[in-house]
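Novice: model this:
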Amino acid sequence: MTPVWDLDPVLFRLPFGPLQVRYYGVIFSLVFVGGYLLYRWQTRRAGYGDDLASELLVPGFIGLLLGARLGHALFYNFDLLKADPLWFFKVWEGGLTSHGAAVGLIAALWWHARRKGLPLLDAADRFSFSAALGAGLVRLGNFFNSEIVGKPTQAFWAVRFPRYDGLPADFCPPRYPSQLVECALGLGLLGALLAADRLMGREARPRGALAALFLILYFSGRFLVEFLKERQGPFDDLWLSRGQLLSLPGVALGLATLTLACRRRRSALGGGADAAQTPPKAPAPPCKTPAKAAGRRRKGRPK
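Specialist: Okay, here's the model as predicted:
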């Protein structure tokens with residue numbers, strides 16, 4: 001029997017006013033907490049202070065929200081944006097895209113790295129763990145919202161979504177649970193990054209390698225998962241969906257980053273901000289052998 005997913009997306013309603021707390025909001029909060037802890041773990045290991053990770057929270061949140069909303073407005077609901085420009089600010093009505101979120105986060109990370117004097121590729125490497133966690137958990141939130149569902153199928157692992165189809169459960173078509181597939185993609189990618197970090201020697205890893213690995217694997221996976229997902233608009237009638245077309249630049253950027261990392265061959269090792277601000281020490285004097293030192297003492301001995 002095909003399982004039915006008909007959970008109310010509202011976790012609880014507050015006793016005053018129309019305010020409510022959704023599962024998606026709770027999961028979104030976990031994304032920020034987990035992402036912050038992962039980035040702090042990386043910056044601590046490099047020798048930076050805890051302030052470096054906390055200073056990315058605000059620009060990261062702004063970049064993610066604006067990028068995700070702008071991507072949805074431009075690529076999926078441009079007609080609605082033209083008819084009602086104020087709709088852009090009604091984020092509580094839904095409408096975020098992961099591709100736009102990725103662009104917004106890259107912009108925020110660039111600003112953060114430039115402001116703190118960090119190499120962009122190094123900052124991107126350290127943030128890739130947080131990005132993978134967010135990519136997985138956000139799709140779990142979509143599952144709780146019964147949105148971004150898969151195409152109808154007769155596969156044994158199909159699920160019925162009455163809240164999406166607006167029909168009684170028995171009349172809903174079985175669909176791919178594409179949200180759970182993308183959740184597994186993000187969490188699996190996090191595991192792959194942790195393994196790659198260890199295999200490449202942690203701080204001895206090539207600078208840019210982890211960011212490249214994230215971009216290539218995530219957007220390649222997104223490209224494949226899109227074959228399972230329901231098309232989301234009238235412009236998705238082509239063989240490739242908009243999600244697949246938007247994933248191709250991500251793969252290309254990952255390949256370019258990997259090429260750059262291999263050519264430069266710079267290690268992530270190098271100390272933190274305090275070490276970077278410390279002037280280099282004067283070179284130590286050359287070592288002298290005992291024989292030379294003894295000869296010099298005999299030569300300078302008074303007669």
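Novice: Every contact and neighbour count from this point should use C-alpha atoms.
Specialist: Will do.
Novice: Could you list which residues are in contact with Leu193?
Specialist: Counting by CA atoms under 8 Å, 6 or more residues apart in numbering, Leu193 makes contact with Ser128, Phe129, Leu210, Leu213, Phe214.
Novice: which of these sit farthest apart?
Specialist: Distances among these were taken as CA to CA; the most separated pair is Phe129 and Leu213, at 10.8 Å.
Novice: In terms of neighbours, single out the busier of these two.
Specialist: Set Phe129 next to Leu213 and count neighbours by other CA atoms under 10 Å: Phe129 wins out with 28 against 21.
Novice: and stretch 64-77, how far from the chain's centre?
Specialist: Distance of stretch 64-77 from the chain centroid (CA atoms, centre = their mean, to the nearest Å) equals 16 Å.
Novice: Need the pLDDT of Leu65.
Specialist: According to the prediction, Leu65 has pLDDT 79.
Novice: That one contacts Ala101, correct?
Specialist: Yes - counting by CA atoms under 8 Å, Leu65 touches Ala101, with 6.7 Å between them.
Novice: Which one of those two is surrounded by more residues?
Specialist: The neighbour comparison of Leu65 against Ala101 (other CA under 10 Å) goes to Ala101, with 25 against 19.
Novice: Report the separation between that one and Leu121.
Specialist: 19 Å (CA to CA, to the nearest Å).
Novice: swap in Met200?
Specialist: Between Met200 and Leu121 the computed distance is 16 Å (CA to CA).
Novice: Neighbour count for these two, which is higher?
Specialist: Taking other CA under 10 Å, Met200 and Leu121 do not tie; Leu121 has more neighbours (23 against 13).
Novice: Who's the closest spatial neighbour of that one, skipping the chain neighbours?
Specialist: Of all residues not flanking Leu121 in the chain, Gly208 sits nearest, at 4.8 Å (CA to CA, 6 or more residues apart in numbering).
Novice: same thing with Leu224?
Specialist: Distance criterion CA to CA, 6+ apart; nearest residue to Leu224, sequence neighbours excluded, is Gln244 at 7.9 Å.
Novice: Wait, a helix at that neighbour?
Specialist: Yes - counting by DSSP: H, G, I helix; E, B strand; the rest coil, Gln244 is found in a helix.
Novice: Just give me the neighbour total for it.
Specialist: Using other CA under 10 Å, the number of residues around Gln244 comes to 20.
Novice: Go ahead and confirm it touches Arg222.
Specialist: Yes - using CA under 8 Å, Gln244 is in contact with Arg222, at 7.2 Å.
Novice: Between these two, which contacts overlap?
Specialist: Counting by CA under 8 Å, 6+ apart, nothing touches both Gln244 and Arg222.
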